[in-house]
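S.K.: I'll drop the sequence and a predicted model, then ask my questions.
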Amino acid sequence: MPSTQTSCTFTVDDFTPSAWTPEIETALDTGHAHMVKRFEGGLEGRSITQFSFCFDNESGVGTYVATESFEGAVDGRGGTFNFVHSATTLGHGERLHELFVIVPGSGTGALAGLTGTGALVIDADGTHRITLDYELAE
């Protein structure tokens with residue numbers, strides 16, 4: 001089955017760091033945050049995100065891992081699904097070791113059977129974009 005590509009922009013409506021910090025101290029701040037995001041475009045809806053990071057705010061160097069539960073529509077098909085993404089930043093806009101995958105078996109409603117991969121891009125003006133390459137089981 002050929003994949004379909006769609007894209008969207010998103011904004012972060014809420015970013016709430018947790019009070020937890022690890023017992024082992026490293027050169028980077030390490031922690032967790034809870035996020036709520038709003039999507040517009042090929043993805044319409046919202047997600048609840050668990051965001052874990054090792055990051056230095058001053059230099060912009062670090063790595064994050066995020067797990068998201070999305071509720072809404074992909075190209076007009078409604079339902080829910082999970083996706084996971086991760087990247088390393090070097091502090092000057094460069095992103096390395098990117099991962100973006102739709103969690104197989106997580107889709108509900110018209111998104112049951114959804115699989116695929118994606119990419120997250122941050123434009124120079126700060127706009128956050130996602131591109132999905134996905135397949136839906138018939």
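M.R.: Looks like it came in fine.
S.K.: wait, what's in contact with the closest residue to Ala110 other than its chain neighbours?
M.R.: Leaving out its chain neighbours, the residue that sits closest to Ala110 by Cβ to Cβ, 6 or more residues apart in numbering is Arg77, at 3.9 Å. All C-beta atoms are positioned from the backbone trio N, CA, C, and that covers glycine. The contact partners of Arg77, by Cβ atoms under 8 Å, 6 or more residues apart in numbering, come to 109-111, 136.
S.K.: Return the backbone torsion pair for the most centrally placed residue in the chain.
M.R.: Residue closest to the average C-alpha location in the chain (Cα atoms, centre = their mean): His85, at 5.1 Å. Phi and psi for His85, reported as degrees, to the nearest 10, are phi -150, psi 160.
S.K.: returning to that earlier point: just put the contacts of Arg77 in JSON lines and tack on distance to Glu71.
M.R.: Output for the contacts of Arg77, formatted as JSON lines (distance: Cβ to Cβ, whole Å):
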{"residue": "Gly109", "distance to Glu71": "10"}
{"residue": "Ala110", "distance to Glu71": "13"}
{"residue": "Leu111", "distance to Glu71": "10"}
{"residue": "Leu136", "distance to Glu71": "17"}
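S.K.: Let me know the closest of the residues you listed to Gly62.
M.R.: Nearest to Gly62 among these: Leu111, at 31.6 Å, using Cβ to Cβ.
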